[in-house]
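1. Got a predicted model here, sequence first, then my questions.
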Amino acid sequence: MKRIFALLLAFMVVHAAMLRAQPYCVSGRVIDAQTREPMAFATVVHQTTHQGTVVGEDGSFALRNLPKGKANIEVRLFGYVPQLLTFALTRDTSIVVMLVEQDLRLDEVTVTSQKQHIETTAYTVDRTSLDHNQIVNVSDVTVLLPGGKSQGDQSLIDDPRIALRSEGTSEMGNAAFGTAIEVDGQRLSNNAEMSETTGASTRTVTTSDIEEVEVITGIPSVEYGDLSNGMVKVKTRRGKTPYMVDVTLKPHTKLAALSKGFNLGSAGQGGILNVSYEWTQSVVSLTSPYTTYQRNGLSLRYTRQFLKEKAMPLNFNFDVKGNLGGLNSEADPDAFSDTYTKKRDYVLRSLMRLQWQVGRPWLSYLELTADASMEDKEQRVNSNKSSATSQPAIHTIGQGYHIADGTSIIMGPTGYWYELAITDSKPVDLSAHLKAKWDHERNLGENYKVESHAKAGVDYSASGNEGRGLYYDDMALAPTWREERYDTLPYIHNLAFYAEGQAALHLPRKQELKMSFGLREDMTHVGGSEYGTIYSLSPRGSMQYTLRHAKNEYSIHAGMGKSVKLPSMQVLYPSISYVDWQTFASGTTASGEACYAYYTQPTSALYNSELRWQYSLQGEVGVEARWGKTRLSLTYFNNRTFNPYIRTSVFQPFSYELTSPITASDFPIPSTDRSYIVDPVTGKVTVHDARGVVTDQVLPSTTIRRYSSNARWVNGAPSTRQGIEWMVDFARIPALRTDIRWDGTFYHYQGVETTLVASHIGASTSQSDGQPYSYIGYYEGNASASNGSVQSQLNTNVTLTTHIPVVRLILSVRFECSFYNMKRQLREDRDGNLTGIALNDVADYFGTSTDYADHYVAVYPKYFSTWDDPATLRPFYDDLLSARDAGNTNLYNDLLRMVRKSNTNYYFNEDRISPYFAANINVTKEIGRYVKLSFFATNFWNNTSRVRSSQTDRRTTLYNSGRIPAFYYGLSLKVRL
Amino acid sequence: MKPYIFIYIMCSLTTLFMSSCIKDEELRYESFGVPVQLRNPVTGEGMPNISVLMSTTLGNAWQAVTDEGGWAHFTLPAGVYDLSASGFYDDGQGNEYVMNCSSSNIEVTAKSMIVSQGMAFTMVASRRGSLVIKELYQGGCQKDDGSGAYYYDKYVILYNNGQLPITIHQLGLGMAPPYNAQASNANFNADGQLNYASEGFIPAIQAIWHFNDSLHLEGGEEIVIALNGAVDHTVSYSQSVNLGKPEYYCTYDPLTFTNTSYYPVPSELIPTSHYLTADLYGQGNAWPLSQVSPAFYIFSVPDDIDIDAYATDADNIWYHNNVVSASGACIRIPTEWILDGVEVYTTTSTKNAKRLTDEVDAGAVYLTNTFGYSLHRNVDVAATKAIEGNEALLVYGVPATPDVSQGVVGADPSGINAEASARQGAFIIYQDTNNSTNDFFERYQASLRD
């Protein structure tokens, strides 16, 4: 495999080296179309070779070493409409580019997401759309994707994670964990967060300075690794920009922001510094607006270009972004004195990027990026405590018996006190990337031309946590607790190599065929992990064919790829957890004092040499068409997740000695003179008389049989997500100046877990003879009624956008409709055979039918084992019948307790929700050149209708159901000076 | 884009919107004459001189007594009512029965049939047991630092309400679902009757506690059972009680319930023979008797049935709300096993619903929790005074706290202070009509604090 990879790299390097560029130059000036003033700091990029430069103070620019042929030159400047100039480059050329200010006087303004015309499915949301929709959290951008649904209470209190092409957390495969998010090329990683295994939070990302968000739902380039469910790329504002003030008011949220781009040095020779600051505050409750989440984001983005005159410009970017904020309830007057919860959400991110437009035959472009991210997510919870008795706080680490001795087990106080719990988490993420590109264009005849691009790169990343973990400010008052310092855990290191080649073949009659293929090899290492270094290979490829005829354009694209989501720290370096069994407690004295003993069992996830790495195979096919002003895109996708990580339990029988409490009346040593000793191995409790009057008393005990449980990560069964996304932009209705967008998704998910897993009914449960329950059941998938689900959704949105340039007003009304919403629980084996038994009555345990509909359904474990013989898996159903027929009532009753039943007789019924919809309205109005006002209202009809569930045949209200957004509104004011 | 496409889309959306809207009917508020008849369960004839109470969830109540034909006549505003009635019946052969009747969610509207035709209920006869719940304290008290309520000090007092000694075998404690009276309860039939009422059992949710030995009580003797920590809670909570006395019993089974906040090791003064054992068939690390509004009862399992085996027998499992779940798992406790029960409603909700059937408790007693109040059985004045020499020993007057919401808190309706009277040597007979509306009052403080 490595050999293939090396060969591919060598091929691309040699191939690129053979290519030869043509030494043509495009120079010129960029000016304001209205004022004719030079537009300094606009960017000029040659689309084919990706060569770029920054316009000087006098508006001039020059791009050298460009190839002969069709030139696509894009000129961009924040606040202006991007210009794409296409012309035949056969000699040195000079051009003048006039940029038009972007405002609502223009005809072409979009307030919805736009489909990109590339080989995969990707959407772009620009600043105008973000303003119009008053986005305060990047996660809300998904609302603008096809079939996206609005959130009502848009605030920072909740912390939703983006999961592309997925619906709900009940699905297998953890789609949110597999969705990657980048801000200006810097990955927001959640790998070092110890408290959760999900996608990265976007709450600390300021939104007022975002210029554009790109959402790749299709097959991403191999340049992007450690993902399985797409990518969100946030691009923030940089360069010289005017003063911009942003104020947004919503019932739960207030936002104020200021930004400005400055020239440094004379005539900008020192580069450009763009500074933005945003303050956002959300309150938990309108009736008690004291518990708040705050975001104070400051961003410094420095840009400078070197070697401009050498025809090999070097762009240098250095970004520093920070956030101070978090959740704080300290000011809440309703809380008891001095009790509070404070959660810091401090972030410091820095990024340095060098982009060298080499423009040579042997190398077109070289990029080096290094970034670092440090977060402080300390949580402090101060709570008041009280107790009438001294409570045991277990701090034991070693296996065996321990008794309260003031160190391993501490008897807590009586009376009243405060407990300040501090969870210190400081995730650190470091990464470095080196990327090289080779670009070439060659004519193969009169009507044939080939553009070839290749890129190869190396990524390195490291994630760790420098926090102390959970501790208490006064350890004498700490409850049961074990130290688990995050800063002693190893870092996750990942090294990746990738190479990708792309060819665009221009054919006669404006046909175009693009193909790309890439390979990515990831190597992940965690020091001390039994899994050693993990290797994973991700091949991805895509193609697009485009045909143009008159004003119409048709294209088809397809792609396939493999994405590997590396296991979390929980899998690679499992932490130790503890189970404590109470083995003795002395009687409580009159003052509330007592002495407890416990048997402690440390457990951690067992190493599984057969564990394979979770991956997704993604495939998609799409068509796009443009008939005049009407545009259509339609994509079918199929994502199949293999080897998902699932946590199972391994049970081992063990026993411990239980000693009953002793009472004052029947014991020879007064409680005031007793001291207790426990044998750490045998568990025998000895009472010692401090007076020396009575000899040591060894207390009688009984043996209790239990199971110890260790986790074991295994690979689960595959799951499938597939669907169709579409987007239709109808030609404008001239009389109404109205555009109509119809977008939507049909989404289908199916996942059934069939891995054989062990389950115990619960440590507190007794069996018929009064002893702790001693059987282990082995179930397919899980010890629940269902082991999977199937769901389908058909969501469509219709957006009517009326734009009246003469009054600088844009109004959009969006109808969010759910026409089909179905979910059904499954219980079946890997071959699709139904394995549950329909019951005629809830009290039954036996049946003959597998017709689940309108029946309670029983699920038997396939096997069971006993405490005495844990290695032998006995056939459950056969033994159950034998026990029944033999009249072994105790065994029969005990085995019946392992039978799982559906909660209700409609549990397995198909749950189809009748159609429902909500309507949102957004208005943006420019007042003069400098001021822009926006207003929105979600569910402005305040639809509180009821929908029918086919599962229960009942109607329930949409109000507060989460199916449609709550009635909500907001107002924003933007001033640009 | 043609205009008709636009019009089509708008029409479709409007149709969708209109078709998914359902308007609730408006309620009308008028008064109606409502006749109610109570019938003898054996003869089917109307039962005279039975006190009938019609109450709303808002706490409003109307009372009437049945005439010779068994009819009680009410004039009621439109609304939803709960009916409660109780009395005694002598069959003429020396047998006296407690007669009870209750029904929930009775609609009185212009459209309901009961407005024009009235409604009839068949009463339920039940026996009067000697062992009764004298006091239930589970609502908690205020902490000394003002930070809220303390709840880990629940207890119950069982009392031999007869003058003869009794021995109870396999005595158990149970609670009927849902844990709180105001919680969602789908255990009702369309006619407002509990769906297990006709099947002769009361479900016991999650787990039962039981004595390991027979319990012997002399006439008028009582036992205290600590339902949470059997320790002296007054060490830290001055408004609480001392449950750590040697004669007390306690629920303590660390093999089953491991939560040491609920179950700290009992006082060293309490012998281990006074520990009750738990049988868990639901889930949890403690037995969560509601601190707001439980339905608590005591029962005795016949000698020929082992109580542990009964609790683990899969055939005895029953599920709350007909939803199979570990959290809603119950076992059926036959009504004839049940010795006494008390249905507690909370004063903080208007959605209280019955859980105990009429044979066990045809009424309910309201509790305002967190303030140290307990639910105490009323004195049977006539029976108590009938005991020779008793009347002179009776103590009257109980300090009353301000009215909270359900009348004056703290006072026995008779004015007799039973606890003080007992301390004077009086033999108290408590009222036992199997209707806690009549039998219990909200006491100004837990009697163990007297």
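-> Ah, there it is.
2. Can you pull the residues of the stretch 351-500 of chain A lying near chain B?
-> A:384, A:386, A:387, A:388, A:389, A:391, A:392, A:414, A:415, A:416 (C-beta under 8 Å from any C-beta of the partner chain). In short, each C-beta sits where N, CA and C put it, glycine included.
3. hmm, which two among those are most spread apart?
-> The most widely separated members of those are A:384 and A:392, with 20.0 Å between them, by C-beta to C-beta.
4. circling back to that earlier point, if it's not too much trouble, I'd like the residues of the stretch 351-500 of chain A next to chain B exported to TSV so that secondary structure and pLDDT sit alongside each entry.
-> Converted to TSV, these look like this (DSSP: H, G, I helix; E, B strand; the rest coil; pLDDT from 0 to 100):
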residue	secondary structure	pLDDT
A:384	strand	95
A:386	strand	96
A:387	strand	96
A:388	coil	95
A:389	coil	95
A:391	coil	95
A:392	strand	95
A:414	coil	94
A:415	strand	95
A:416	strand	97
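5. on that earlier part again, quick one, which of residue A:384 and residue A:392 is more surrounded?
-> More neighbours surround residue A:392 than the other of residue A:384 and residue A:392, with 25 against 18 (other C-beta atoms under 10 Å in any protein chain shown).
6. Which residues are in contact with that one?
-> A:404, A:409, A:410, A:411, A:412, A:480, A:596, A:598, B:260 (C-beta atoms under 8 Å, 6 or more residues apart in numbering or on different chains).
7. what about residue 44, neighbour count?
-> Reading this off chain A. Residue A:44 has 25 neighbouring residues, counting by other C-beta under 10 Å.
8. was after chain B, sorry
-> Residues lying near residue B:44 (other C-beta under 10 Å) number 9.
9. what's the answer for residue B:146, then?
-> 9.
10. need the helices for the stretch 501-650 of chain A, in chain order.
-> Ranges of helices within the stretch 501-650 of chain A are A:569-572, based on DSSP state H, counting those that start in this stretch.
11. So which bits of it are right by chain B?
-> A:582, A:585, A:586, A:587, A:588, A:589, A:590, A:591, A:592, A:594, A:596, A:630.
12. How is the chain divided into domains?
-> Answering for chain A, as no chain was given. A:2-99, A:650-712 (automatic domain parsing).
13. Can you look at chain B instead?
-> According to automatic domain parsing, the domains of chain B span B:31-126, B:131-368.
14. Most tightly packed of those domains?
-> Highest mean neighbour count of those: domain B:131-368, a mean of 21 (counted as mean count of other C-beta atoms under 10 Å in any protein chain shown).
15. that older thread, for the domains of chain A, which has the smallest mean pLDDT value?
-> Sorting those by mean pLDDT places domain A:2-99 lowest, at a mean of 74.
16. Show me how far it is from its chain's centre.
-> Counting by C-alpha atoms, centre = their mean, to the nearest Å, domain A:2-99 is centred 36 Å from the centre of its parent chain.
17. which residue does chain A bring closest to chain B?
-> When scored by C-beta to the nearest C-beta, chain A has residue A:587 as its residue closest to chain B, at 2.6 Å.
18. Touching, that residue and residue B:264? I think so.
-> No - checked against C-beta atoms under 8 Å, the pair residue A:587 and residue B:264 is beyond contact range at 10.1 Å.
19. And the helices in chain A?
-> Secondary structure of chain A (DSSP state H): helices at A:2-18, A:127-133, A:569-572, A:876-885, A:889-896.
20. shaky segments in the chain?
-> Since no chain was named, I'll use chain A. A:1-23, A:50, A:168-173, A:267-268, A:308-311 (pLDDT under 70).
21. please go with chain B instead
-> B:1-29, B:91-96, B:113-116, B:126-128, B:398-409.
22. Spatially central residue for it, please.
-> residue B:343 (1.0 Å; C-alpha atoms, centre = their mean).
23. ok, now how distant is that one from residue A:441?
-> Distance from residue B:343 to residue A:441, counting by C-beta to C-beta, to the nearest Å: 87 Å.
24. Settle this for me: residue A:49 is touching residue A:364, isn't it.
-> Yes - using C-beta under 8 Å, residue A:49 makes contact with residue A:364 at a distance of 5.6 Å.
25. Which strand residues bridge the residue nearest to the centre of chain B?
-> Applying DSSP bridges to residue B:343 yields these beta-bridge partners: residue B:295.
26. any idea how far chain A is from it?
-> Going from residue B:343 to chain A by C-beta to the nearest C-beta, to the nearest Å gives 25 Å.
27. Contacts only, for that residue.
-> Neighbour list for residue B:343: B:181, B:295, B:354, B:355, B:356, B:361, B:363, B:364, B:365, B:436 [criterion: C-beta under 8 Å, 6+ apart].
28. and if you look at residue A:468?
-> Neighbour list for residue A:468: A:422, A:424, A:485, A:486, A:487 [criterion: C-beta under 8 Å, 6+ apart].
29. Recalculate using a threshold of 6 Å.
-> By C-beta atoms under 6 Å, 6 or more residues apart in numbering or on different chains, residue A:468 lies in contact with A:424, A:485.
30. tell me the centre residue of chain A?
-> residue A:199 (2.0 Å).
31. Do I have it right that that residue meets residue A:176?
-> Yes - judged on C-beta atoms under 6 Å, residue A:199 makes contact with residue A:176 at a distance of 3.8 Å.
32. re the thing from before, for the residues of the stretch 501-650 of chain A next to chain B, work out which two are farthest apart.
-> Spatially, the most separated pair among these is A:590 and A:630, at 86.8 Å (C-beta to C-beta).
33. And for residue B:382, the neighbour number?
-> 10.
34. Now it: which helix or strand?
-> Assessed by DSSP states H and E, residue B:382 sits inside helix B:381-386.
35. Now do the buried residues in that helix.
-> By 16 or more other C-beta atoms under 10 Å in any protein chain shown, the buried positions in helix B:381-386 come out as B:381, B:383, B:384, B:385.
36. Only alpha carbons, please: show the helix or strand following that helix as CSV.
-> Going down the chain from helix B:381-386, the next helix or strand is helix B:418-423, by DSSP H and E. Once non-C-alpha atoms are left out, helix B:418-423 reads as follows in CSV (Å, rounded to 0.1, in the frame of the first residue of the first chain):
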residue,chain,number,x,y,z
ALA,B,418,-54.5,12.3,70.2
GLU,B,419,-50.8,12.2,71.0
ALA,B,420,-51.1,14.3,74.1
SER,B,421,-54.1,12.3,75.2
ALA,B,422,-52.2,9.0,74.7
ARG,B,423,-49.4,10.3,76.8
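37. after helix B:418-423, next one along is what?
-> Next along from helix B:418-423, by DSSP H and E: helix B:436-439.
38. quick one, what contacts whatever residue of chain B ends up closest to chain A?
-> Nearest to chain A in chain B, going by C-beta to the nearest C-beta, is residue B:268, at a distance of 2.6 Å. By C-beta under 6 Å, 6+ apart, the residues touching residue B:268 are A:587, A:663, A:664, A:671.
39. One more pass at 10 Å, please.
-> A:586-590, A:593-594, A:661-665, A:667, A:670-671, A:674, B:231, B:244, B:246 (C-beta atoms under 10 Å, 6 or more residues apart in numbering or on different chains).
40. what's around the residue nearest to residue A:495 when sequence neighbours are not counted, how many residues?
-> Of all residues not flanking residue A:495 in the chain, residue A:523 sits nearest, at 4.8 Å (C-beta to C-beta, 6 or more residues apart in numbering or on different chains). Counted with other C-beta under 10 Å, residues neighbouring residue A:523 total 14.
41. wouldn't residue A:523 be in contact with residue A:492 here?
-> No - judged on C-beta atoms under 10 Å, residue A:523 makes no contact with residue A:492 at a distance of 11.4 Å.
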